[in-house]
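Engineer: curious how this folds, go ahead:
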Amino acid sequence: MSNQDELKKAAALAALAELETLAPESLIGVGTGSTVNHFIDALASRGLRIRAVSSSEASSTRLVAHGIPLASLDDAGELPVYIDGADEIDHGFNMIKGGGGALTREKIVAAAARRFVCICDEAKQVATLGRFPLPVEVIPMARVQVAREIARLTGGEPRWRKGFVTDNGNHILDIHGLAIIDPSGLETALNQIAGIVTNGLFARRGADVLLLATATGVRRSERKPSDDRR
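Structural biologist: Residues are numbered from 1 along each chain as shown. Below is the predicted model:
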């Protein structure tokens with residue numbers, strides 16, 4: 001196991017402590033990605049009687065393989081907590097997500113949660129978002145038109161993620177060359193472009209808690225209540 005993988009596992013294990021205040025048979029939201037995979041494995045090893053609302057087919061498959069029951073968001077209603085990783089997170093708890101292509105379902109489940117716990121390693125924390133290309137999920141027929149509008153709006157370079165189709169049957173454009181000074185404003189502006197399903201900026205609904213795995217341990221920090229953007 002690589003050093004970065006060890007850090008991801010440490011962050012995932014730390015997330016189990018966030019579930020201690022929940023009822024034994026609570027519902028939780030579960031995200032997608034390599035760090036979340038460690039969380040799912042750890043959740044199964046503890047034998048907690050928890051059901052999960054999953055943000056992707058890949059996570060659903062892993063949860064079911066571990067015997068963790070799934071629930072639909074329609075039946076679940078509001079969730080007490082959502083656990084997910086990030087491709088980048090800044091010091092204001094704004095994130096870029098969607099490297100695995102599950103950004104739309106991740107954003108939906110996150111919106112239904114009272115608390116968003118982000119688990120990641122220290123390499124993911126940045127001063128300014130944009131080094132990681134920003135994913136945008138688009139309706140296939142609109143891909144070329146949307147790419148033109150994105151380039152016009154952002155000055156970045158949208159690249160089609162060829163050979164990849166989301167769980168919703170759509171395409172992904174990854175926007176390269178950005179330095180995102182106003183994450184919330186750009187998130188809103190991109191979503192106004194016809195043909196975009198959603199984009200990978202999680203600013204209007206950012207993380208509430210960050211569990212950041214470092215070489216010296218996992219650092220836990222919380223977003224200030226005064227910075228509530230929901």
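
Engineer: quick one: the residue nearest to L129 when sequence neighbours are not counted from N94, how far?
Structural biologist: Nearest in space to L129, with sequence neighbours left out and distances taken as CB to CB, 6 or more residues apart in numbering, is I180 at 4.1 Å. Heads up, the C-betas are built off the backbone N, CA and C, glycines and all. Distance, I180 to N94, by CB to CB, to the nearest Å: 8 Å.

Engineer: shared neighbours of these two, anything?
Structural biologist: Residues within reach of I180 and of N94 at once, by CB atoms under 8 Å, 6 or more residues apart in numbering, are 129, 201.

Engineer: not counting its own residues, what contacts stretch 37-48?
Structural biologist: With contacts defined as CB under 8 Å, 6+ apart, stretch 37-48 is touched by 8-9, 11-13, 15-16, 19, 24, 30, 50, 59, 62-63, 66-68, 83, 119.

Engineer: report the buried members of those.
Structural biologist: For these, a burial check counting by 16 or more other CB atoms under 10 Å picks out 8-9, 11-13, 15, 19, 30, 50, 59, 62-63, 68, 83, 119.

Engineer: just flag the most distant two among these.
Structural biologist: K8 and I50 (20.6 Å; CB to CB).

Engineer: neighbours of the residue nearest to G206 when sequence neighbours are not counted, how many?
Structural biologist: Distances taken as CB to CB, 6+ apart place F93 nearest to G206, at 4.2 Å, with adjacent residues excluded. Using other CB atoms under 10 Å, F93 has 23 other residues around it.

Engineer: thought S221 was touching L212?
Structural biologist: Yes. Here S221 reaches L212: they are 7.2 Å apart, a contact under CB atoms under 8 Å.

Engineer: what stretches of this protein score poorly on pLDDT?
Structural biologist: By pLDDT under 70, the weakly predicted segments of the chain are 1, 23-25, 226-230.

Engineer: show me it divided up by domain.
Structural biologist: Domain assignment for the chain, taken from automatic domain parsing, gives 3-123+204-215, 134-201.

Engineer: would you map the helices across the protein?
Structural biologist: Along the chain, counting by DSSP state H, helices occupy 3-15, 34-46, 57-65, 73-76, 103-111, 143-154, 183-190.

Engineer: in stretch 113-133, what counts as buried?
Structural biologist: Buried positions in stretch 113-133, judged by neighbour count with 16+ other CB under 10 Å: 113, 115-121, 124-126, 129-130, 132-133.

Engineer: farthest-apart pair in these, please.
Structural biologist: R115 and P133 (28.1 Å).

Engineer: sorry, back to before: take the buried residues of stretch 113-133 and keep only those in strands.
Structural biologist: The strands, defined by DSSP state E, take in 116-121 from the buried residues of stretch 113-133.

Engineer: okay, those residues in CSV with distance to D167 next?
Structural biologist: Putting those into CSV (distance: CB to CB, whole Å) gives the following:
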residue, distance to D167
F116, 20
V117, 22
C118, 21
I119, 21
C120, 22
D121, 25
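
Engineer: between those residues, which is closest to R205?
Structural biologist: For those, the minimum distance to R205 (CB to CB) is 7.0 Å, reached by F116.

Engineer: wouldn't that closest one be in contact with Y82 here?
Structural biologist: Yes. Contact status for F116 versus Y82: in contact at 5.0 Å, counting by CB under 8 Å.

Engineer: identify the contacts common to these two.
Structural biologist: In contact with both F116 and Y82: A110, using CB under 8 Å, 6+ apart.

Engineer: which of S221 and L212 has more neighbours?
Structural biologist: Under the criterion of other CB under 10 Å, the comparison of S221 against L212 puts L212 first, with 22 against 13.
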